[in-house]
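Student: Predicted model, plus sequence, below.
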Amino acid sequence: MTDQTDSERDPADSRSPARRAHVRIRTLARLAGPLGAAIALAGVFLAVALSPTFSWTASALSDLGVGPRTALLFNGGLFVGGCLALGYAPLLSEDSRAVAAAYALCAVSMAGVGAFPFDDPLHYPAAVAFFALLAATLALDGVRRRGTTTGRVSLLLAVASAAAWPLWFAAGLGPGIAVPELVGALSLAAWVLALAPPAPLSPLLSPPLRPSF
């Protein structure tokens, strides 16, 4: 009986622990985007519920970041959510580096909105960057995958998140901007949960593409 040398062992045996670790890391990364969006939105809605002065027609969501009863929930949710959301970018980069870069900058901007409240001079550039980058992320992915159902829906959400602003002001329903802000935030959340290539629900909405030659 002879001992089996390292070179004679099944390569799959030596790689299996690394493969299992890789699968776990990918699973966590796939959940990072939806979890980050869920934490951010939970902070927003809880802050809205606790605020005695917030109005959907007269307020901005960022007003919640300076209220004594709501600041920690709102700012903390956005900061933690944005930091977690960054973990989604590596999976996106496997499909498109441009989309991943836009999304990563969007996540950083979201964290920046929480880190710099409404009364901080850095808040406005962070907020503008967040809403511009979320629309850019959805548009880039939608145009690139326009041949798929999820790609076309992504493109529609990009248009909706951008069009919500002029439509809201044109409707004259109030001086606040909370509604178009929420449209953009929900569009991004839907994308990371169900529409992006690594989204947890994406396989349920769009069958795999056949390889083209």
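Tutor: That came through fine. Numbers count the residues shown, from 1 in each chain.

Student: what about the helix or strand hosting Ala18, average pLDDT?
Tutor: Here Ala18 is covered by helix 11-50, with elements defined by DSSP states H and E. Mean per-residue pLDDT for helix 11-50: 85.

Student: For this protein, which segments are assigned as strands?
Tutor: Counting by DSSP state E, the chain forms no strands at all.

Student: Could you list the low-pLDDT ranges of it?
Tutor: Where the chain drops to pLDDT under 70, the residues are 1-15, 204-213.

Student: Now do the same contact list for the closest residue to Pro175 other than its chain neighbours.
Tutor: Excluding the flanking residues, the one nearest Pro175 by C-beta to C-beta, 6 or more residues apart in numbering is Ala58, at 5.9 Å. For glycine as for every other residue, the C-beta is placed from the backbone atoms N, C-alpha and C. Contacts for Ala58 (C-beta atoms under 8 Å, 6 or more residues apart in numbering) come out as 174-176.

Student: Mind doing that once more with 10 Å?
Tutor: Neighbouring residues of Ala58 by C-beta atoms under 10 Å, 6 or more residues apart in numbering: 173-178.

Student: repeat for Leu86
Tutor: Neighbouring residues of Leu86 by C-beta under 10 Å, 6+ apart: 29, 32-33, 36, 103-108, 110-111.

Student: swap the cut-off to 6 Å and go again
Tutor: Leu86 makes contact with Ala107 under the criterion C-beta atoms under 6 Å, 6 or more residues apart in numbering.

Student: Could you do Arg97 as well?
Tutor: By C-beta under 6 Å, 6+ apart, no residues touch Arg97.

Student: Leu35 versus that one, what's the distance?
Tutor: As for Arg97, its distance to Leu35 is 23 Å (criterion: C-beta to C-beta, to the nearest Å).

Student: repeat for Ser59
Tutor: In terms of C-beta to C-beta, Ser59 sits 27 Å off from Leu35.

Student: Wait, Gly174 touches Thr57, no?
Tutor: Yes - under the criterion of C-beta atoms under 6 Å, Gly174 makes contact with Thr57 at 3.0 Å.

Student: neighbour count winner among these two?
Tutor: Using other C-beta atoms under 10 Å, the more surrounded residue of Gly174 and Thr57 is Gly174, with 15 against 12.

Student: and the gap between the more buried one and Ser202?
Tutor: Between Gly174 and Ser202 the distance is 36 Å, computed by C-beta to C-beta.

Student: Who are the packing partners of the helix holding Ala18?
Tutor: Applying 3 or more C-beta pairs under 6 Å, 6 or more residues apart in numbering; DSSP states H and E, one finds that helix 11-50 contacts helix 71-85.

Student: tell me which residues in the helix it packs on are buried?
Tutor: Residues 71, 73-85 are the ones in helix 71-85 that count as buried (16 or more other C-beta atoms under 10 Å).
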